[in-house]
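1. model this:
(one chain, ligands or ions: 1)
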Amino acid sequence: MKILITGGAGFIGSHTAVALNEAGMIPVLIDNFSNSEKSALEGIKKITGKVFDFYEGDCNDIEFLRKVFSDHHIDGIIHFAASKAVGESVENPLKYYENNVGSIFTMIHVMREFNVKKLVFSSSCTVYGEPDYIPVDENAARKPANSPYGNTKAIAEDILSDLVKSGEDLQIISLRYFNPIGAHESGEIGELPSGVPSNLVPFITQTAIGKRSKLTIFGNDYNTQDGSNIRDFIHVVDLANAHIAALKYTQKKNGPFYDVFNIGTGRGNSVLELIKTFEKVNQLKLNYEIGPRRPGDTVKIYGDVSKANKLLNWKTEKSLEDALKDAWNWELKLAGSK
Ligand code: WQD
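-> All right, here's what the predicted structure looks like:
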């Protein structure tokens, strides 16, 4: 199977390229480097010992996509490419609707033209908002999005589901990711946030290495066991493997379908627990303080992942400790390479 990975130089995309290779599938990567760096391609090469076909370009550019699909017989697509900064999406919603929703349209048109049926789409647990129950399963109501970023995921899910409902001959899976963290254990690929990280773990590792002076914990007065938010932190390599499982699932199924799966660990950890674990496994002390709540934060969420366990025959293999060791190893390697 030859699989197109959009956003192939990104955090999850690069790990998925490695996972595809391990599964005996052939990745073809595209990226516009809007929020990623060419070094990720070097990292993929170091891990796999292979150079995969790569195209620099934008998923909203239909001529660019046509060129890629003309050069390769693509059997399926994993569509990661998207803008993902929640705060920026509030300030510049058009960028988010154009990039994240617009690319769905171009992708579907090209899939029709080149008769490609399989698509795995990167959705997010953000579609659940503050869930009515946890662990939240796929039957839970989707809530109005907290940000334009979140809304683009809900809209894209609806577009894809409506297409299949209308009778289009497509096999589409939306994977609702919880909080991906960590890095490849080799330290060759990992998360490369541009500017000040907004996500927790890159902020922690950058603080530990001295790039940031202090981590602020956004609130310790929530109704949780220690007052900090609860999340389902999943190792990025486990998350990458879920895409392979999703593609294999489409191979087993006959005919068109649309389905959604939660991809998380099924466990919740608080922000404070995560910090303590980071300190323990890496034997260091983190400089942090308690600050005010961050507007729009979900209080507690973690996923019921039994549907993916059962139907996709997928489960996580790595622990929170593994993820935090690997994230730190990645930060150390980055520091060493500069
Ligand atoms: C996690 C927890 C913060 C930074 C977002 C998106 C979601 C998904 C992943 C992708 C929260 C706390 C954070 C800091 C802190 N999509 N925190 N201090 O908000 O759960 O999810 O990223 O790209 O769709 O909404 O992730 O890593 O920002 O925060 O205390 O400096 O860490 O309040 O409780 P979040 P996060």
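2. drop to CA atoms for contacts and neighbour counts, all remaining ones
-> Fine.
3. elements contacting the helix or strand of the chain with the lowest mean pLDDT?
-> Sorting the helices and strands of the chain by mean pLDDT, DSSP states H and E puts helix 86-91 at the bottom, at a mean of 94. Helix 86-91 sits against helix 148-165, with contacts defined as 3 or more Cα pairs under 8 Å, 6 or more residues apart in numbering; DSSP states H and E.
4. Give me the buried positions along the helix it packs on.
-> Burial within helix 148-165, assessed by neighbour count using 16 or more other Cα atoms under 10 Å, is assigned to 148-157, 160-161, 163-164.
5. Could you give the separation of it from the chain centroid?
-> 16 Å (Cα atoms, centre = their mean, to the nearest Å).
6. Report the next helix or strand after that helix in sequence order.
-> For helix 148-165, the following helix or strand on the C-terminal side (DSSP states H and E) is strand 171-177.
7. wait, does that following strand contact the ligand?
-> No - using Cα under 6 Å from any ligand atom, strand 171-177 stays clear of the ligand, with a minimum separation of 7.3 Å.
8. Same check on stretch 100-109?
-> No - judged by Cα under 6 Å from any ligand atom, stretch 100-109 makes no contact with the ligand; its nearest approach is 12.3 Å.
9. what's next to that stretch, contact-wise?
-> Residues from elsewhere that reach stretch 100-109 (Cα atoms under 8 Å, 6 or more residues apart in numbering): 59, 60, 61, 62, 65, 81, 82, 83, 152, 153, 155, 156.
10. Do you know the pLDDT at the nearest residue to the third one once chain neighbours are set aside?
-> Right, the one you point to is residue 61. With sequence-adjacent residues excluded and distances taken as Cα to Cα, 6 or more residues apart in numbering, residue 61 is closest to residue 106, at 7.3 Å. Confidence at residue 106, expressed as pLDDT, is 98.
11. For residue 106, which three-state class applies?
-> Recorded secondary structure, residue 106: helix (DSSP: H, G, I helix; E, B strand; the rest coil).
12. one step back: render the CA-only coordinates of the least confident helix or strand of the chain in CSV, please.
-> In CSV, the C-alpha atoms belonging to helix 86-91 read as follows (Å, rounded to 0.1, in the frame of the first residue of the first chain):
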residue,chain,number,x,y,z
VAL,A,86,-6.1,27.3,19.4
GLY,A,87,-5.3,30.9,20.3
GLU,A,88,-4.3,31.9,16.8
SER,A,89,-7.5,30.5,15.5
VAL,A,90,-9.5,32.9,17.6
GLU,A,91,-7.5,35.8,16.2
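13. so how far is it from its chain's centroid?
-> 18 Å.
14. buried stuff in that helix?
-> Those would be 86, 89, for helix 86-91 by 16+ other Cα under 10 Å.
15. check whether the next helix-or-strand element following it contacts the ligand.
-> Tracing the chain C-terminally past helix 86-91 and defining elements by DSSP H and E, one meets helix 93-96 next. No - applying Cα under 6 Å from any ligand atom, one finds helix 93-96 separated from the ligand by no less than 12.6 Å.
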